[in-house]
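>>> Everything below, folded, please.
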Amino acid sequence: MATITKRDLVIRISNETGLTQQEVFGVVQCFIEEVTTCLAANDDVVLRNFGAFQVTKTKPKIGRNPNKPDSAVPIPARAVVKFKPGKELKERVAKVLPEL
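Have a look, this model is predicted:
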(Lines give C-alpha, C1' and ligand atoms only; values in the text may rest on other atoms or scores of the structure.)
Protein backbone atom coordinates (compact mmCIF):
# COMPACT_ATOMS: atom_id res chain seq x y z
CA MET A 1 0.00 0.00 0.00
CA ALA A 2 1.54 3.28 -1.13
CA THR A 3 0.93 6.85 -0.08
CA ILE A 4 0.06 9.16 -2.97
CA THR A 5 0.92 12.82 -2.48
CA LYS A 6 -0.38 15.89 -4.27
CA ARG A 7 2.87 15.93 -6.24
CA ASP A 8 2.32 12.32 -7.34
CA LEU A 9 -1.20 13.17 -8.51
CA VAL A 10 0.08 16.17 -10.45
CA ILE A 11 2.67 14.02 -12.23
CA ARG A 12 0.14 11.30 -13.07
CA ILE A 13 -2.45 13.77 -14.39
CA SER A 14 0.22 15.65 -16.33
CA ASN A 15 1.41 12.43 -18.00
CA GLU A 16 -2.16 11.41 -18.84
CA THR A 17 -3.40 14.75 -20.18
CA GLY A 18 -0.30 16.19 -21.79
CA LEU A 19 -0.61 19.39 -19.73
CA THR A 20 2.47 20.73 -17.99
CA GLN A 21 2.97 19.92 -14.33
CA GLN A 22 2.67 23.63 -13.51
CA GLU A 23 -0.73 23.84 -15.20
CA VAL A 24 -1.99 20.71 -13.46
CA PHE A 25 -0.64 21.89 -10.10
CA GLY A 26 -2.48 25.20 -10.54
CA VAL A 27 -5.77 23.41 -11.27
CA VAL A 28 -5.35 20.98 -8.35
CA GLN A 29 -4.46 23.83 -5.99
CA CYS A 30 -7.45 25.88 -7.19
CA PHE A 31 -9.73 22.85 -6.68
CA ILE A 32 -8.49 22.39 -3.11
CA GLU A 33 -8.95 26.11 -2.36
CA GLU A 34 -12.51 26.10 -3.72
CA VAL A 35 -13.50 22.99 -1.76
CA THR A 36 -11.99 24.48 1.40
CA THR A 37 -13.78 27.80 0.85
CA CYS A 38 -17.13 26.09 0.28
CA LEU A 39 -16.76 23.90 3.38
CA ALA A 40 -15.71 26.90 5.46
CA ALA A 41 -18.96 28.58 4.34
CA ASN A 42 -20.84 25.46 5.60
CA ASP A 43 -21.75 24.37 2.05
CA ASP A 44 -21.73 20.72 0.99
CA VAL A 45 -19.44 19.69 -1.86
CA VAL A 46 -20.86 16.82 -3.93
CA LEU A 47 -18.80 15.11 -6.63
CA ARG A 48 -21.03 12.60 -8.44
CA ASN A 49 -19.75 9.01 -8.45
CA PHE A 50 -16.96 10.04 -6.06
CA GLY A 51 -18.54 11.28 -2.86
CA ALA A 52 -19.70 14.20 -0.76
CA PHE A 53 -17.90 16.41 1.73
CA GLN A 54 -20.07 18.00 4.41
CA VAL A 55 -19.53 19.92 7.61
CA THR A 56 -21.08 18.43 10.73
CA LYS A 57 -20.99 19.63 14.28
CA THR A 58 -19.89 17.44 17.18
CA LYS A 59 -21.57 17.70 20.55
CA PRO A 60 -19.65 18.92 23.58
CA LYS A 61 -18.56 16.05 25.81
CA ILE A 62 -16.50 15.18 28.82
CA GLY A 63 -13.23 13.37 28.18
CA ARG A 64 -10.85 11.60 30.54
CA ASN A 65 -7.11 11.94 30.83
CA PRO A 66 -5.72 8.38 30.83
CA ASN A 67 -2.92 9.47 33.17
CA LYS A 68 -5.39 11.09 35.61
CA PRO A 69 -8.70 9.24 35.21
CA ASP A 70 -10.28 11.12 38.12
CA SER A 71 -10.11 14.49 36.37
CA ALA A 72 -12.68 15.34 33.71
CA VAL A 73 -11.60 17.30 30.65
CA PRO A 74 -14.35 19.25 28.86
CA ILE A 75 -14.23 18.89 25.08
CA PRO A 76 -16.15 21.72 23.37
CA ALA A 77 -18.45 21.33 20.37
CA ARG A 78 -16.71 21.85 17.05
CA ALA A 79 -17.22 21.63 13.31
CA VAL A 80 -15.63 18.69 11.47
CA VAL A 81 -15.55 17.63 7.82
CA LYS A 82 -17.11 14.27 6.98
CA PHE A 83 -16.70 12.41 3.69
CA LYS A 84 -19.39 10.08 2.40
CA PRO A 85 -18.14 7.96 -0.52
CA GLY A 86 -20.29 7.67 -3.64
CA LYS A 87 -21.61 4.42 -5.08
CA GLU A 88 -18.90 3.99 -7.75
CA LEU A 89 -16.09 4.69 -5.26
CA LYS A 90 -17.55 2.19 -2.78
CA GLU A 91 -17.78 -0.48 -5.47
CA ARG A 92 -14.20 -0.01 -6.67
CA VAL A 93 -12.76 0.07 -3.16
CA ALA A 94 -14.73 -3.05 -2.18
CA LYS A 95 -12.63 -4.97 -4.74
CA VAL A 96 -9.44 -4.28 -2.76
CA LEU A 97 -10.02 -7.21 -0.42
CA PRO A 98 -10.77 -10.67 -1.80
CA GLU A 99 -14.28 -11.91 -1.10
CA LEU A 100 -14.54 -14.32 1.78
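>>> Strands of this structure, residue ranges please.
For the chain, the strands defined by DSSP state E occupy 45-47, 51-58, 61-65, 68-75, 78-85.
>>> Output those strands as TSV; include the columns mean neighbour count and distance to Val35.
In short, each C-beta sits where N, CA and C put it, glycine included. Supplementary listing: those in TSV, determined by neighbours: other CB atoms under 10 Å; distance: least, CB to CB, whole Å:
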stretch	mean neighbour count	distance to Val35
strand 45-47	13	5
strand 51-58	14	7
strand 61-65	10	28
strand 68-75	9	27
strand 78-85	11	9
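>>> got these as a markdown table, with distance to Ile32 columns?
Output for the strands of the chain, formatted as a markdown table (distance: least, CB to CB, whole Å):
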| stretch | distance to Ile32 |
| --- | --- |
| strand 45-47 | 11 |
| strand 51-58 | 11 |
| strand 61-65 | 31 |
| strand 68-75 | 28 |
| strand 78-85 | 13 |
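>>> Make TSV from those strands and add distance to Ile4 and mean pLDDT to it.
Written out in TSV, the entries for those read as follows (distance: least, CB to CB, whole Å; pLDDT from 0 to 100):
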stretch	distance to Ile4	mean pLDDT
strand 45-47	17	97
strand 51-58	17	96
strand 61-65	33	90
strand 68-75	32	88
strand 78-85	16	96
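>>> Thank you, goodbye.
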